[in-house]
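Asks: Whatever this is, show me its structure:
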Amino acid sequence: MLEKWFKLKENNTNIKTEVVAGVTTFMTMAYILAVNPSILSESGMDSNAILMATALASFIGTLAMAFLANYPFALAPGLGLNAYFAYTVCGAMGYSWQVALLAVFVEGLIFIVLSVTNVREAIFNAIPVQLKKGVSVGIGLFIAFIGFQNAGIVVNSDSTLVTVIDFTADFHTAGISALLAIIGTFIIVILHIKKVRGSILIGIFATWILGILCQLTGLYTVTPDAGYYSLLPSWSSFSVTSLGLTFGQCFKADFGAVKITDFIVIILAFLFVDIFDTLGTLIGCANKANMLDKAGRLPRIKQALLADAIATSAGAVLGTSTTTTFVESSSGVAEGGRTGLASVVTGFLFLLAIFFAPIFTAIPGFATAPALLFVGFLMITAVTQIDFDDLTEAVPAYLCLLAMPLLYSISEGIAVGVISYVIINAVCGKAKKITPLMYILAVLFVCKYIFL
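Replies: Numbers count the residues shown, from 1 in each chain. So this is what the prediction gives:
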């Protein structure tokens, strides 16, 4: 039955590999169960309800990806978009979280229309192959940077923006966490070189266990006020009825108090960031898994984008911000995940997380950071596929891959790549190879910077 649904042999994989890949993807994404409630609760929403909505939206979206597109990509409420939801729409603009959820719901409906009518597929296919390689490398650098941050190895600096942590200043909290992340990275690298299956997942658990041992021996000190929590699961009960506090609330928004121009701007902001974050993630993960054809197109792209759109609307009804394809899916791809079976595993783990949340939320950022660091390395290997002899292709790809980590956004990286590609090729007499849709995208990106 599994072979019939997911075509395992055709994709050169097996059940064991897909299960390991699915668990690995979940482990690198599980932090969203703790982070999303923390951010969205700033809007006045109930944290417990948000956690349940996050898990359920991830479950629905990831299973939709599995059965509609048969890809090993997982979905969850996106970071950045949830901050825009809480701090801009509900904070600076002063609207209720019900209004923000309504905007997310409408965005999802627009996405469904764009997916069914092939608009999003056309955008994906319009991006040149060399630029797609740049996107893949840029995402690798981006998630590696996130890994450095989650590990606490890279910290803020007033003079240089970022700098390396002082391991000795707060050794029993920040210092030991960063050191454990470094040890975890070496564990993953060594296991991968020795061709041990599940090396990334083993590395995550090994780092977590080392952290627990450090806590029990006093090397790691629990300091909640500073953001260093116990690494031991703390069981607590979750009431399923709490979901009722957010479920369907998007339909109860007081729309009469909303300025129509504001509402349009909010929807466009959600729409623009989400569409290009999703496209970028699909490009990066699919390129790493060698799923793109010679023309740089992804088979069943329409179904993948439709799953993403359905997840966004479903998430809004449940009570969470925009649900999108997660770049951490690349960790499962790196473990050999090639079909929707891996997504099914990830999806059901999100469902189980409702009842076992204390376990998953106890896994610290420094334990999953090594996975992101190593997957980042695997993804930047695509840089060798960029044609550096043709500067009209290579420079836009370079600007794209550089912008993603430095601007801390996949969509911004794509924007820089598209704009630079059109300008460089048009000015250098190679306008014929620029498709009409690329011109349109470049203009839209410029307008976004001016008006949004």
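
Asks: now the helices for the stretch 51-200 of the chain?
Replies: Counting by DSSP state H, counting those that start in this stretch, the stretch 51-200 of the chain has helices at residues 81-83, 97-116, 119-126, 129-151, 176-193, 199-217.

Asks: and Cys447, which of the ones you listed is closest to it?
Replies: Taking CB to CB, helix 119-126 is the member of the helices of the stretch 51-200 of the chain nearest to Cys447, at 15.5 Å. The way it works is simple: take the backbone N, C-alpha and C, and place the C-beta from them, glycine included.

Asks: now what about the closest one, what contacts it?
Replies: Outside helix 119-126, the residues that touch it by CB atoms under 8 Å, 6 or more residues apart in numbering are 111, 114-115, 275, 279, 282-283, 295-298, 301-302, 305, 435, 437-438, 441.

Asks: cutoff 10 Å now
Replies: 110-111, 113-115, 118, 132, 275-276, 278-280, 282-283, 286, 295-298, 300-306, 308-309, 414, 418, 434-441, 444 (CB atoms under 10 Å, 6 or more residues apart in numbering).

Asks: How about the helix ranked longest in the chain, which residues are buried there?
Replies: Ranked by residue count and defined by DSSP state H, the top helix of the chain is helix 260-288. Residues 263, 265-288 are the ones in helix 260-288 that count as buried (16 or more other CB atoms under 10 Å).

Asks: and the angle from that helix to helix 97-116?
Replies: Between helix 260-288 and helix 97-116, the angle comes out at 50 degrees (axes from the mean of the first three to the mean of the last three CA atoms, to 10 degrees).

Asks: so where's the stretch 201-350 of the chain shaky on pLDDT?
Replies: 235-240 (pLDDT under 70).

Asks: picking up where we left off before, for the following helix or strand past the longest helix of the chain, buried residues please.
Replies: Following helix 260-288 in sequence order, the next helix or strand is helix 301-318 (DSSP states H and E). By neighbour count on 16+ other CB under 10 Å, the buried set for helix 301-318 is 301-318.

Asks: Break this protein down into its domains, please.
Replies: 7-231+242-383, 384-451 (automatic domain parsing).

Asks: Start and end of the first one, how far apart?
Replies: With CA to CA, to the nearest Å as the measure, the first residue of domain 7-231+242-383 is 30 Å from its last.

Asks: Now do the strands in the stretch 351-452 of the chain.
Replies: For the stretch 351-452 of the chain, no strands turn up when DSSP state E, counting those that start in this stretch is the criterion.

Asks: before we move on, the earlier item: quick one: closest of the helices of the stretch 51-200 of the chain to Thr322.
Replies: helix 81-83 (4.4 Å).

Asks: helices or strands up against that closest one?
Replies: In terms of contacts (3 or more CB pairs under 10 Å, 6 or more residues apart in numbering; DSSP states H and E), helix 81-83 is packed against helix 32-40, helix 97-116, helix 260-288.

Asks: could those be laid out in TSV, adding distance to Gly152?
Replies: Putting the helices and strands packed on helix 81-83 into TSV (distance: least, CB to CB, whole Å) gives the following:
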stretch	distance to Gly152
helix 32-40	15
helix 97-116	31
helix 260-288	25
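
Asks: Of those, which is nearest Ser329?
Replies: Ranking those by proximity to Ser329 (CB to CB) places helix 260-288 first, at 5.2 Å.

Asks: For Gly91, the count of nearby residues, please.
Replies: 14 (other CB atoms under 10 Å).

Asks: and it, what does it touch?
Replies: With CB under 10 Å, 6+ apart, Gly91 has these contacts: 42-43, 83-85.

Asks: The residue positioned nearest the centre of the chain: what's it in contact with?
Replies: Centroid check for the chain by CA atoms, centre = their mean gives Phe326 as the closest residue, at 2.8 Å. For Phe326, the contacting residues are 25, 28-29, 32, 58, 61-62, 73-79, 277-278, 281, 285, 332, 346, by CB under 10 Å, 6+ apart.
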